[in-house]
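Asker: Quick one: sequence plus predicted model below, questions after.
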Amino acid sequence: MVSETDSDPRHHTQKMQMRLQDMMDHLRSDIEMVDEPQLKAMFETAAEVLGGLQKAFGDYEKKNEPAWK
């Protein structure tokens with residue numbers, strides 16, 4: 001049986017936003033640990049892409065985009 005919390009979309013969107021934030025933080029902290037400029041750029045680009053996904057989950061949760069209404 002699915003609990004009420006598990007069936008609430010906000011529970012899942014918030015959980016995914018936290019996981020994405022953790023990954024963004026990890027990528028950005030690793031930028032300081034590597035010397036290769038291309039890898040630094042890839043880590044920052046990946047963090048930015050994840051930020052876009054994080055925003056999309058937030059937009060879905062708030063229903064503030066036409067696609068989510």
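Answerer: Thanks, I have the structure now.
Asker: which regions of the protein lie under the pLDDT threshold?
Answerer: Applying pLDDT under 70 to the chain picks out residues 1-5.
Asker: Do a quick rundown of the strands in it.
Answerer: Counting by DSSP state E, the chain forms no strands at all.
Asker: Would you tell me which helix is longest in it?
Answerer: Identified as the longest helix of the chain according to DSSP state H is helix 37-62.
Asker: For the residue lying closest to Gly58 once chain neighbours are set aside, grab the count of nearby residues.
Answerer: Nearest residue to Gly58, sequence neighbours excluded (Cβ to Cβ, 6 or more residues apart in numbering): Gln17, at 6.3 Å. Every C-beta, even on glycine, is put in place using the N, C-alpha and C of the backbone. For Gln17, the neighbour count with other Cβ atoms under 10 Å is 17.
Asker: swap in Asp30?
Answerer: Other residues close to Asp30 by other Cβ under 10 Å number 14.
Asker: nearest residue to it other than its sequence neighbours?
Answerer: Nearest non-adjacent residue to Asp30, counting by Cβ to Cβ, 6+ apart: Phe43, 5.7 Å away.
Asker: residues touching that neighbour, list them.
Answerer: Applying Cβ atoms under 8 Å, 6 or more residues apart in numbering to Phe43 gives the contacts 27-28, 30-31, 34.
Asker: make it 6 Å
Answerer: Going by Cβ atoms under 6 Å, 6 or more residues apart in numbering, Phe43 touches 27, 30-31.
Asker: Against Met24, how distant is it?
Answerer: From Phe43 across to Met24, the span is 10 Å (Cβ to Cβ, to the nearest Å).
Asker: what do you get for Met16?
Answerer: Distance, Met16 to Met24, by Cβ to Cβ: 12 Å.
Asker: Please consider this matter closed, and thank you.
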